[in-house]
Structure formats: C-alpha cells, structure tokens
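Q: just need the structure, nothing else, for what follows:
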Amino acid sequence: MERATLQATTRTLGKGPSRRLRTAGTIPAILYGKGREPTPLAVAAREMEGLVHTAAGMNVLIDLSINGGETVVARIRDYQADSIRRVFTHVDFQTLDLTQKIMVEVPIRFEGKSEGVKLGGILTISRRTIEVRCLPTAVPEAIGVDIGGLQIGQGIHVNDLQLPSGVEIPPHVNYAVVSVVAPMKEEEVAAPVEAAVPAEGVAPVPAVGEAPAAETKEKTKEKEKA
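A: Next up, the predicted model:
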C-alpha cells in the first residue's frame, strides 16, 4: 500500500482566511478522528496534488505531520475540487487505526479481451469501482477481473471476484460488474402511412364497405321524406 508524508499547519476558520490560503498555493483542510475535536489545517497544494498521483490514488496512506510535531496516520475522507481547473479547494482527512478494518472504494481493472466480444458481442461494464473491507495497510491498488473467458450472455458478479488475502466484500452484497450482451439487430419498421387528404372539391374515397358520400346523402333525404 502506497504511503506518503504530508506537512500540515493549523489555520484560522473563515471564508476570508481560506481564500487567502488558496491564493498563496495552500489548501484549507480539516482533520477528523475518533476521540478528537475536528482540527482545521492547511496543506501545500503542490504536495497534495503529487501525493494522490501515485498508484494508490485517493487511497494513499498519509503520515500527516501537524505543525512539525504530532504525526497521525490519515486518509482522504472527502474533498472539493475546482470544476474547471480540477484542483483541490478543500480536503477532509480522517485519522486511522491501523489495526481496525475500514470500508474503502478501489478501482476495478479489467484484463483480457472477451471471447464473446470477438464474436460480435458488446461488453457492458456496470461497475468501475468496488467497495471492500480491509485493514488500512492492505488496501489494494485495484481489483483485477479477467474477462477473457466471457461468452455472449455471460457476466461476472461481485461475488465471483478473486480478492487479495485480507480483503472482503460486505456480506449480503452481490451485483453485476461486467457482462457481454448480444448485438441489437436492426429491425425494419414500416413507416406509418399518412391518410390521404382529398383535394378541394373532390369527394373523399370511401373505405371498403362504405357507401359513397353522395349516395349516403340521397338515402338520408329519402328517410326524411318518409
């Protein structure tokens, strides 16, 4: 499991101070943990960006040093990012007990090329990440899924996955991860025939079994005279 060190300093709360921190290349953050008060922190933006650009990604274990003194093991619990520049604007850290298992989301890595796809089937990926339970030091970088043997009409569910030792799926959970479906056939659909609109002054053509309009009018007059 990837592990990195990150320096942090305590900060003052408020929109104004947070704005000034971001302008100076620092990210406002906060540290949560069992048995401790939430601690407002600030971390260097460049260090933070580099920290998550590893194989572990957002699941990297962090030795968080606060004001050069106390060091705690933490992980990224949540974050906010600029929608355009895609950089951190705020980070929530959570302290970890390395002896206690945690729930964590890890990416799925699909391996091979399905036999069904080679025959014209379509690969349908339902999940690209999976939530697992394990010790913080045993979080896998990814869960490998071999799709080479999948035929058309077959799929792989979460309970079919081969997990690393010490990694488990929450009980009573099972859902599709990937499947191969048959290609859709193009069906010729007849275009609806629009009803003919008669020209002005021309009587409409009667339907099969229907008397002409003129004949119908004559019969109506005869009934009225009778």
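
Q: from now on I want contacts and neighbour counts done on CA atoms only, so please keep to that.
A: OK.

Q: on the three-state scheme, R19 is what?
A: Under DSSP: H, G, I helix; E, B strand; the rest coil, R19 falls in the helix class.

Q: mind checking how far T23 is from H53?
A: 22 Å (Cα to Cα, to the nearest Å).

Q: my bad, I62
A: Separation of I62 from H53 (Cα to Cα) stands at 13 Å.

Q: so for these two, which sits in the more crowded spot?
A: I62 (23 against 11; other Cα atoms under 10 Å).

Q: for beta bridges, what are the partners of that one?
A: When assigned by DSSP bridges, I62 has beta-bridge partners A4, A74.

Q: so what's it up against?
A: By Cα atoms under 8 Å, 6 or more residues apart in numbering, the contact set of I62 is R3, A4, T5, L6, V73, A74, R75.

Q: least trustworthy helix or strand in this protein by mean pLDDT?
A: Every helix and strand in the chain was compared by mean pLDDT, DSSP states H and E; the lowest is helix 213-225, with a mean of 49.

Q: for P164, see how far away the residue nearest to T129 when sequence neighbours are not counted is.
A: Spatial nearest neighbour of T129, chain neighbours left out: P107 (4.1 Å); criterion: Cα to Cα, 6 or more residues apart in numbering. Separation of P107 from P164 (Cα to Cα): 14 Å.

Q: just so I have it, where are all the strands in the chain?
A: Ranges of strands in the chain, per DSSP state E, are 3-10, 26-33, 36-44, 61-66, 71-81, 88-95, 102-111, 122-125, 129-134, 143-146, 155-157, 176-181.
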